[in-house]
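Asker: Sequence first, predicted model second:
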There are 2 protein chains.
Amino acid sequence: MKQVLPPGMTASQMDRALKAMARVVGDDWVLATDLDRDTYLDHFAVDEAAHAAAAAVAPLTAEQVAEVVKLANAHKLPLWPISRGKNFGYGGAAPRLKGSVVLDLSRMKKIEFDTENGTALLEPGVGFYDLYDYIQQNKLPYWVSTPGNSWGSVIGNALDRGVGYTTYGENTSKLCGMEVVLPTGELVRTGMGAMTGSPTWNLYKYGFGPAWDQMFVQSNYGVVTKAGMWLQPAPESMIGLDMELENVGDLEWSVDLISGFRRDGLLVQSPSIGSWLRGAAVLTSRKDWYDKPGALPDDVIAAIRKRFGIGWWSISLRFYGYEGVNEAAAAVVQAAFAKKSQQAFKVTRWKQGMPLEPTPFQGFPVTFPLANAAWHGGRGGHIGYSPVLPSNGRAAMDQFRRTYNRYQEYGMDYHGSFSMSERSITNVNQVLFNKDDAEMMKRVNGFFRALVSDATERRYGEYRTHIEYMDLVAGTYDFNNHALRRANEAVKDALDPNGILAPGKSGIWPKRYRNLRT
Amino acid sequence: MKQVLPPGMTASQMDRALKAMARVVGDDWVLATDLDRDTYLDHFAVDEAAHAAAAAVAPLTAEQVAEVVKLANAHKLPLWPISRGKNFGYGGAAPRLKGSVVLDLSRMKKIEFDTENGTALLEPGVGFYDLYDYIQQNKLPYWVSTPGNSWGSVIGNALDRGVGYTTYGENTSKLCGMEVVLPTGELVRTGMGAMTGSPTWNLYKYGFGPAWDQMFVQSNYGVVTKAGMWLQPAPESMIGLDMELENVGDLEWSVDLISGFRRDGLLVQSPSIGSWLRGAAVLTSRKDWYDKPGALPDDVIAAIRKRFGIGWWSISLRFYGYEGVNEAAAAVVQAAFAKKSQQAFKVTRWKQGMPLEPTPFQGFPVTFPLANAAWHGGRGGHIGYSPVLPSNGRAAMDQFRRTYNRYQEYGMDYHGSFSMSERSITNVNQVLFNKDDAEMMKRVNGFFRALVSDATERRYGEYRTHIEYMDLVAGTYDFNNHALRRANEAVKDALDPNGILAPGKSGIWPKRYRNLRT
C-alpha cells in the first residue's frame, strides 16, 4: 500500500509533521507503516481506499493532544480523532478525508468514578469492557448502558449518539460536562466545569450561558479528552417482557402501543423491535439455507424462523427499579398487549442477589451481534441506514414496506429494527454484504442512495451515517438553502481557521477544504 | 425620563434606525416615548436606570424579526430580545446594555399543537396562560409545566432554564427543535427541522451533526422565533406527599432521601424544598409581625409559622402516571421517610375525572407567588441568587448555613429553596426588598456580591443571574483563563460580526462592545 496524503501536501511535508508529532507522543506512537495504515482502514467499507489514513498519532494525555493539534495547525495537517475506532457500519477508524492522520485516543483510558453520584469522568479510550470491569472490581452499585457491540468507547458511542438497552440507553443524553481541546489547541471545559475545581461539573448539564456539550457530538469542533457520563444505579429488580411476533403486520399495532408507553413515561427504556434476521444472523449463516443470489424467499425465511423460534419481529421490554413499581408497570403493558394479541409475553423476573443475565439489558458488554457481518460468508461487512421516524405504527409500517421493497429490488436480505425513543423512532437498518462477492458489492452504493432518497422523499433524515455518505445526508438537511450547514461552517471557521480538525465530518467542511464537498 | 442611547450612537442615528424599523413593523410597534421606555425598565432592580432601553420594537412575524435584525446591522444598533419580559428577579424586560432597543416578541403568539405526539411549536409571545387556555379550549390530554409565576413566556422560561413542578419540570430539557433568526438576519431551523418539511422536527432532539438547541439558551447567538416543547400527557392519576419539617436541620436528611430517589428515577418530578418564608410571604406581610430593621428574630419566625402551620422547611413530592405505579412508588418513599421521622406525609390522591387542584402541580398557571415581593411593604422587588450544588444533604445544609448567616449579617429575611434535579440541586434564594427603604437598598449590592463570593469559594456557580451581575457570574467560570468564555465570544463574533444582538448577555460580549465588560 503506497503512501497516502491529504490534498495539497507533499510526502516530505507529511514526514516533517509526523516527526514533530513524534517528539510530543514518542516515536512508538506515530504509526505510519503500511501495516499501520491498513489497521486504520474501514474494512466494512465498499471502497476501503477512498478513506485511507496517511498515518496515526496516539497521544496519552490531553496535554499531548493539545500539542499535536497545535502542530497540525503549524503544518496544515488534517487530523481525524477517533476514540477506539469501532464505529462499524459508519466508518470504523477511517477518516472522512483521505490522507488525514488519525488522532487515535485509545491509549487514554483514565476513569474517575464518583460513587456517591453515579457519574464517571472518562477518557475516550475507555471501552465498555473497561468501565464494566472497573465497576465489577470496585463492586460499585451501577450498571453500564452497553450497546450491541461493546468493544467501542463509552464516550465515542455517546459522541455518535449510539444507544444502549437500559433506562440510560440514550447515551448522548447522559453526557454531562466535557473537557475538550479546541482546534486551536486551547483546552476548555464545558458546563459547570468551566469553573476551576467545580464539584458539579458532571452533575448539572448546562452551566451558565449557552451549553456546548451537544455541539461536540457528531461534530468537528473539538477533541473531547474527557466527558462525564451518568450511570444507572443498580436497580432493586428488573422485569423482562419478551414477545416473538408472527406476522409482518404486527409491527404496526405493537409500535403504537409502545409509542404510547414511551411518551407517557411508563416505559423508560428504549426498546428495539428487530426483524427476524437480527436474531438469525448471529445464530446461523445464509449458505446453510440458500445458495442463490437475490433476497431470501419467504419459505426460506419461514424455515429459519421456525428452526430458531424467532418471530418476524421480536420485542424486548425491560422495567428497572423498585419491585412493586416494576410489577405495576409491567401489568399495565401486559393488559394493553392482551387486547391486541392472544399471545402472552414471556416474563422474566430478576432481583438483587440473583445472578445477572449476561446481556446489555443488565449492563453486560457483548460483541456477539457483530457476528451478523458473517451472514453472507466471505469477508463480511455492513453499513447502516438509520432514518428517524415519527413514533407511530403507520409511519413504522410504511417505512418498513418501502425499505423492504428496496431490499428486494436490490436482492439483499432485510435487516431492520425500530428503536423506540420518547417521541421518535430510529429505524436502524443494516445492509449486510460479502466483500468477496464483487457483483453484490457493485449494488451497495446504488442501494444505499435509493434508501436515502426514499427517506428524504418522506422528509425523514438519517440520525447518523457512514463517512462515505456524510455529504449526501447533510445535503438532505436543506431548509432555507442549507442555512444550518452554513451556520455550522461559520462556527467551524471561527474555531478552526486552518481547517485541521476532521474536515468533512457530518458534512461540515472548513474553508480550506470546502471545495471537496461531494 | 430623557432619551437613552447605546454607546457611540447619536439621537439622530437612533431616530433613523427606529424610523427604518417602523417601516417593517408599522409605526404603532415602535415604542419610543418616555412612558414606553419606563414600561421596559426592570422595576425590581436596585438601579433601574442602569439598564434602561432606548425604545422597543415589536415585530409580529419571523420575517419581520429578520428584517429588524438586518436593519440593526445596517444601523449598528444593539437589540435585546425578550419573549414576554417577565424574567423578574433576573432583569425583567430590561437590556443588559443600557440604550439597547428591546426586541419585544410578545405579539408573536402562534401555537401549533401536535395532539398525537404531545408537542407544541410555540412562538415566544405564547404565555403559560395562553397555552393552558388553548389546551382547555381544545380539550387536549396534556398538562403544561407551569413555573411559580406563570405570566411569562413558555419559550422564554425554557430559554432561561426556568423550572416547573411536574415530571416535565426541567423545561429546557423539553425543548425540541427551534426556528431562529441569526444575528445576520438569516433564518435557520435546528435539529430535524433543518430538513424542509420534516415531520420529526419537534420529535427528535438532535438532528444530524452538532445539536444547537442548547446553544440558543441563555445566549445571544440568535432570536428564537419558534420552538418545539414537549408536553406531559395527562396522567391517569397523581399522588401528592406533603410534609412540613419542624427543624432547620431536617433539611439534611430529607435532601439525602430525595436525592436518592431522584437519582434512581423513582421520583421523576423536581421537588423544591422551600424555607418557611416562601410560604409565609404570600400569606402575610412583615409589618404585621415586626417593625424593626434587621433579620427577623427566631421568636417572630416561630409565631408566623405557628399561625399558618408552616414548617421551617416544606416538602411537596408528586407522582404522576398509572395508579398502581404511583401507589407503589409513593409507598417506597413513605417507608424511607418513616425511618427518619415520626411525622407522616399528608397524602392527596387525584384520578382522572376528579376536579384538578389549581396549582402548578397539576399544570395550572398561577401568579400568586409573586406576592412575596410585597413582604416588606413599599415598592417591593427581589433578585435571585441561584447556585448549583451537589445533590446531598451535607452540601445543602452547609450552603444553607453560609447563606443564612449572610442574610443575618446584612439584616435580610432568608428566603431559600432547594430544587432537586437528577444529580444536582439548584439553590434558589430570593433577596426580597423594599425599594422605598433607601437604607435597605444600599445593602443589596454588597449582600449579593458576598453571596456570589461565598458560592465561588466552594466552587459553586450560579445557573442564572440578574443582568446587573452577568459579568460577575460569568467571571467565576474561570477554567484555563476563562477559556469557555473566549470560545463563546469566538462564536459570537462569527455569528454576529456587528455585535448587534444582546451584547453582554450571560457575560458574552461581541468584539464591538467587549471593552464594556465589568
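Answerer: Arrived safely.
Asker: remind me, longest helix of chain A?
Answerer: As assigned by DSSP state H, the longest helix anywhere in chain A is helix A:438-457.
Asker: dump the residue contacts of the closest residue to residue A:171 other than its chain neighbours.
Answerer: The spatial neighbour of residue A:171 that comes closest, neighbours along the chain excluded (Cβ to Cβ, 6 or more residues apart in numbering or on different chains), is residue A:158 at 4.2 Å. C-beta here means a position set from N, CA and C on the backbone, and glycine is covered the same way. Residue A:158 makes contacts with A:171, A:172, A:174, A:175, A:217, A:227, A:229, as judged by Cβ atoms under 8 Å, 6 or more residues apart in numbering or on different chains.
Asker: just checking, what packs against the following helix or strand past the longest helix of chain A?
Answerer: The helix or strand immediately downstream of helix A:438-457 is helix A:470-476, counting by DSSP states H and E. Contact partners of helix A:470-476 among helices and strands, from 3 or more Cβ pairs under 8 Å, 6 or more residues apart in numbering or on different chains; DSSP states H and E: helix A:438-457.
Asker: Just the buried residues of the helix it packs on, please?
Answerer: A:440, A:443, A:444, A:447, A:448, A:451, A:452, A:454, A:455, A:456 (16 or more other Cβ atoms under 10 Å in any protein chain shown).
Asker: I figured the third one hits residue A:381, correct?
Answerer: No. Residue A:444 sits out of contact with residue A:381 when judged by Cβ atoms under 8 Å, with a separation of 9.1 Å.
Asker: Overlap in contacts, the two.
Answerer: Common neighbours of residue A:444 and residue A:381, counting by Cβ under 8 Å, 6+ apart, are residue A:433.
Asker: re earlier: what's the distance between the residue nearest to residue A:171 and chain B?
Answerer: 11 Å (Cβ to the nearest Cβ, to the nearest Å).
Asker: Need the three-state assignment for that residue.
Answerer: helix (DSSP: H, G, I helix; E, B strand; the rest coil).
Asker: and what of residue A:243?
Answerer: Residue A:243 - assigned by three-state DSSP - is strand.
Asker: Contacts only, for the nearest residue to it once chain neighbours are set aside.
Answerer: Counting by Cβ to Cβ, 6+ apart, the nearest residue to residue A:243 once its immediate chain neighbours are dropped is residue A:315, at 4.8 Å. Contacts for residue A:315 (Cβ under 8 Å, 6+ apart) come out as A:241, A:242, A:243, A:245, A:254, A:258, A:271, A:273.
Asker: just residue A:399 next, same as before
Answerer: Residues near residue A:399 by Cβ under 8 Å, 6+ apart: A:387, A:389, A:427, A:455, A:458, A:460.
Asker: among the residues you listed, who's most crowded?
Answerer: Within these, residue A:387 tops the neighbour count with 26 neighbours, counted by other Cβ atoms under 10 Å in any protein chain shown.
Asker: And that residue, its phi and psi?
Answerer: phi -80, psi 150 (degrees, to the nearest 10).
Asker: bridging residues for it?
Answerer: Counting by DSSP bridges, residue A:387 is bridged to residue A:462.
Asker: Check it and give its pLDDT.
Answerer: Note on residue A:387: pLDDT of 98.
Asker: Surely it is in contact with residue A:455?
Answerer: Yes. Taking contacts as Cβ under 8 Å, residue A:387 lies within contact range of residue A:455: 4.0 Å.
Asker: What parts of the stretch 401-518 of chain A come near chain B?
Answerer: Taking Cβ under 8 Å from any Cβ of the partner chain as the criterion, the stretch 401-518 of chain A approaches chain B at residues A:421-424, A:426, A:456, A:458-465, A:473-474, A:476-480, A:483-488, A:490-491, A:493-495, A:505-508.
Asker: Show me what from the stretch 201-350 of chain A comes close to chain B.
Answerer: Counting by Cβ under 8 Å from any Cβ, the stretch 201-350 of chain A sits next to chain B at A:202-204, A:206-219, A:221, A:230, A:233, A:235, A:263-266, A:268, A:320-322, A:324-325, A:327-329, A:331-332.
Asker: where exactly do the helices run in the stretch 151-300 of chain A?
Answerer: Ranges of helices within the stretch 151-300 of chain A are A:154-159, A:250-263, A:276-280, A:298-308, based on DSSP state H, counting those that start in this stretch.
Asker: Give me whichever of these is most buried.
Answerer: Mean neighbours per residue, mean count of other Cβ atoms under 10 Å in any protein chain shown, is largest over the helices of the stretch 151-300 of chain A for helix A:154-159, with a mean of 27.
Asker: pull the CA atoms of that helix into CSV?
Answerer: C-alpha atoms of helix A:154-159 as CSV (Å, rounded to 0.1, in the frame of the first residue of the first chain):
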residue,chain,number,x,y,z
VAL,A,154,-18.1,4.7,26.0
ILE,A,155,-17.5,8.4,25.1
GLY,A,156,-17.2,7.6,21.4
ASN,A,157,-20.6,5.9,21.4
ALA,A,158,-22.2,8.8,23.2
LEU,A,159,-20.5,11.3,20.8
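Asker: Need the phi and psi values for residue A:434.
Answerer: According to degrees, to the nearest 10, residue A:434 has phi -110, psi 110.
Asker: ok, it touching residue A:376?
Answerer: Yes. The pair residue A:434 / residue A:376 is scored as a contact, 3.6 Å apart, by Cβ under 8 Å.
Asker: domains for chain A, by residue range?
Answerer: Chain A breaks down by automatic domain parsing into domains covering A:11-104, A:111-233, A:237-465, A:470-516.
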